[in-house]
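Visitor: Give me coordinates for this.
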Amino acid sequence: MKILVPNFNLAEYSRNIWRVTALHGQTFEQFKDPEAWAHVAANFKRYDEVELIAEDGSFFAKGIVLKVTKTSATVKFYNHVDFEEKIVEPEETAKFSAEWGGAAKWRIVRKSDGEIIESQISSKEEAQAKADKLNKEGE
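Guide: As a prediction, this is how the structure comes out:
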């Protein structure tokens, strides 16, 4: 067997690589639904690659577009990593909690009045550790 020149080219000329940001609260499973891609399906072509990263850093996935219509796309995910460590929920008596704040990233919030104590924390684990420390030691 020999590979012929017309069948040999750079991948960049054959397919696109798309990056999608899953908003906080969206799950990996939702992106398996072909109709989830309705607003962007027209941009895809068969065998394009999709990188899916959660806005809050909780998961990452890679997939290949297998089928495209005007209002849907079938993406077969072949790689999925869940970065979310199961964190024990704070006690009901806890005065501080770690929450996702969108552009403010992870933040620590005082439950009694909703006051933001600290924001721009890069990971959930770091925010939870700081909230736990405040719950033990106080503000």
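Visitor: pretty sure Phe31 belongs to a helix, no?
Guide: Yes: judged by DSSP: H, G, I helix; E, B strand; the rest coil, Phe31 forms part of a helix.
Visitor: hey, where'd the helices end up in the protein?
Guide: Assigned by DSSP state H, the chain shows helices spanning 11-14, 124-137.
Visitor: Could you export those helices as a markdown table, including mean pLDDT?
Guide: Listed next are the helices of the chain as a markdown table, based on pLDDT from 0 to 100:
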| stretch | mean pLDDT |
| --- | --- |
| helix 11-14 | 88 |
| helix 124-137 | 84 |
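Visitor: Out of the ones you listed, the one nearest Ser97 is which?
Guide: helix 124-137 (5.8 Å; Cβ to Cβ). C-beta: built from backbone N, CA, C; applies to glycine.
Visitor: starting at the chain centroid, how far to the closest one?
Guide: 23 Å (Cα atoms, centre = their mean, to the nearest Å).
Visitor: and what of stretch 5-22?
Guide: 22 Å.
Visitor: What of stretch 97-113?
Guide: Mean C-alpha position of stretch 97-113 versus that of the full chain (Cα atoms, centre = their mean) differs by 18 Å.
Visitor: Can you give me the domain boundaries for the chain?
Guide: 9-82, 96-137 (automatic domain parsing).
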